[in-house]
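1. Sequence below, structure please.
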Amino acid sequence: METLEAIRKRRSVRNFTGEKVPREDLLKIIAAGHMAASGHNKQPWDFVVVTEREMLDEIAARCSAWVAKAAAVIVIVVDPASRWWMEDGSAVAENILLAATDLGYGSVWLEGRMLPHEEYFKQRLGIPADRRILTFVPIGVPEAWPAAPAKKALDEVLHWERW
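-> The predicted structure follows:
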């Protein structure tokens, strides 16, 4: 798949079949995240890959029930001591989302419902106290690709030279 095609096709997928995703594909997806640009090349990220059913069910129970049918959750962990941890982690997440799409898997950025449970999951996943969980990215075989969401027309948001 071409890059621009993956960008056009990417959707927030929340309905998974429950099928497994091969470890090799998960490694490709994570490697794409690892290749993200970062401020001063600090690379303030680590990844925890959750594939054990018990932990996926726990994430589903605390965050979003539909996670239970995901094949994996990629936990993006960042070092907030880095000046650009949020930007760098966001670049990682987007690379992961696009790589999953490229390989035919659904994915979604899951943050809002995770944040109230961040300290709990840091403890459960053995994440050091001085790190932050930026987001969970559930990955799986989609039941179906969601329809494209309505987007504003480009000429409504594009400004040349000045606003």
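
2. separation between Ala99 and Met35?
-> Note on Ala99: its distance to Met35, by C-beta to C-beta, to the nearest Å, is 9 Å. Yep, even glycine has a C-beta here, placed from its N, CA and C like the rest.

3. need the helices for the chain, in chain order.
-> Along the chain, counting by DSSP state H, helices occupy 3-9, 23-34, 53-62, 85-102, 118-125, 154-157.

4. is it possible to export those to a markdown table including mean pLDDT and distance to Leu110?
-> As requested, these are exported to a markdown table (pLDDT from 0 to 100; distance: least, C-beta to C-beta, whole Å):
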| stretch | mean pLDDT | distance to Leu110 |
| --- | --- | --- |
| helix 3-9 | 89 | 20 |
| helix 23-34 | 98 | 15 |
| helix 53-62 | 96 | 8 |
| helix 85-102 | 97 | 10 |
| helix 118-125 | 97 | 11 |
| helix 154-157 | 95 | 26 |
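
5. Relative to Ile76, which of these is closest?
-> Among the helices of the chain, the nearest to Ile76 by C-beta to C-beta is helix 85-102 (5.6 Å).

6. That closest one to helix 23-34, inter-axis angle?
-> 140 degrees (axes from the mean of the first three to the mean of the last three C-alpha atoms, to 10 degrees).

7. quick one: helix 85-102 to chain centroid distance?
-> 6 Å (C-alpha atoms, centre = their mean, to the nearest Å).
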